[in-house]
Each structure stands twice: as structure tokens, then as C-alpha cells.
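Colleague: below are the sequence and a predicted model; questions follow.
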Amino acid sequence: MKRGKVTIDRERCKGCYLCVRSCPFKVLEADTVMAPSGVYPSVFAHPEKCTACTSCYQMCPDAAITVFELEEGEQ
């Protein structure tokens, strides 16, 4: 099975959580730490579940998400 890694730009994320709702594997969630902009951005909370499907990337209106497909054994 493919594995992935998601990075979220905390400065660009406005906390709309469209990515959280679009993820079929519940990989993302709201952060508990506020960003400098005053919002709680999304965070890559469950890396073990990520398949690099890019649903979160496609849904993000602010281009704050990057998805990487990991090689076997890479974290």
C-alpha cells in the first residue's frame, strides 16, 4: 500500500478544515496550537494512515498543503 506525508503551511492555512473533512482516512485534524494569524490550522496528526491520495491537497483553497509519496521504509 502507498504511504504518504502531508505538510501544511501554518501561515497560509486559514483553518477552514475542508482538508480535514475531505480526507477518507482521517489523517488530518485541527491543531491545538494557534498560528500567528489567530487560527488553529490543520495538522498532519495520523501519518501512519496516509496513503498520499491527495484529497486534502485538491480541496485546499489556499494551496497550503503539499503531499509527498514515501518510498518503502521512509518516514
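Modeller: Alright, I've got the coordinates.

Colleague: wait, doesn't residue 50 sit right on residue 57?
Modeller: No. The pair residue 50 / residue 57 is not scored as a contact, 11.5 Å apart, by CB atoms under 8 Å. No exception for glycine: its C-beta is placed from N, CA and C like everyone else's.

Colleague: what is in contact with the two at once?
Modeller: Common neighbours of residue 50 and residue 57, counting by CB atoms under 8 Å, 6 or more residues apart in numbering, are residue 6.

Colleague: neighbour count for the two, which is higher?
Modeller: Shown here are residue 50 and residue 57; by other CB atoms under 10 Å, residue 50 has more neighbours (22 against 17).

Colleague: ok, the more buried one - contacts?
Modeller: Contacts of residue 50 by CB under 8 Å, 6+ apart are 3, 4, 5, 6, 25, 27, 44.

Colleague: of those residues, which is the nearest to residue 63?
Modeller: Each of those was scored against residue 63 by CB to CB, and residue 6 proved nearest at 13.4 Å.

Colleague: could you pull out the strands for the chain?
Modeller: Secondary structure of the chain (DSSP state E): strands at 3-8, 28-30, 42-44, 65-70.

Colleague: how about these in CSV, adding distance to residue 14 and mean neighbour count?
Modeller: CSV is the format used below for those (distance: least, CB to CB, whole Å; neighbours: other CB atoms under 10 Å):
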stretch, distance to residue 14, mean neighbour count
strand 3-8, 11, 18
strand 28-30, 12, 18
strand 42-44, 10, 21
strand 65-70, 12, 16
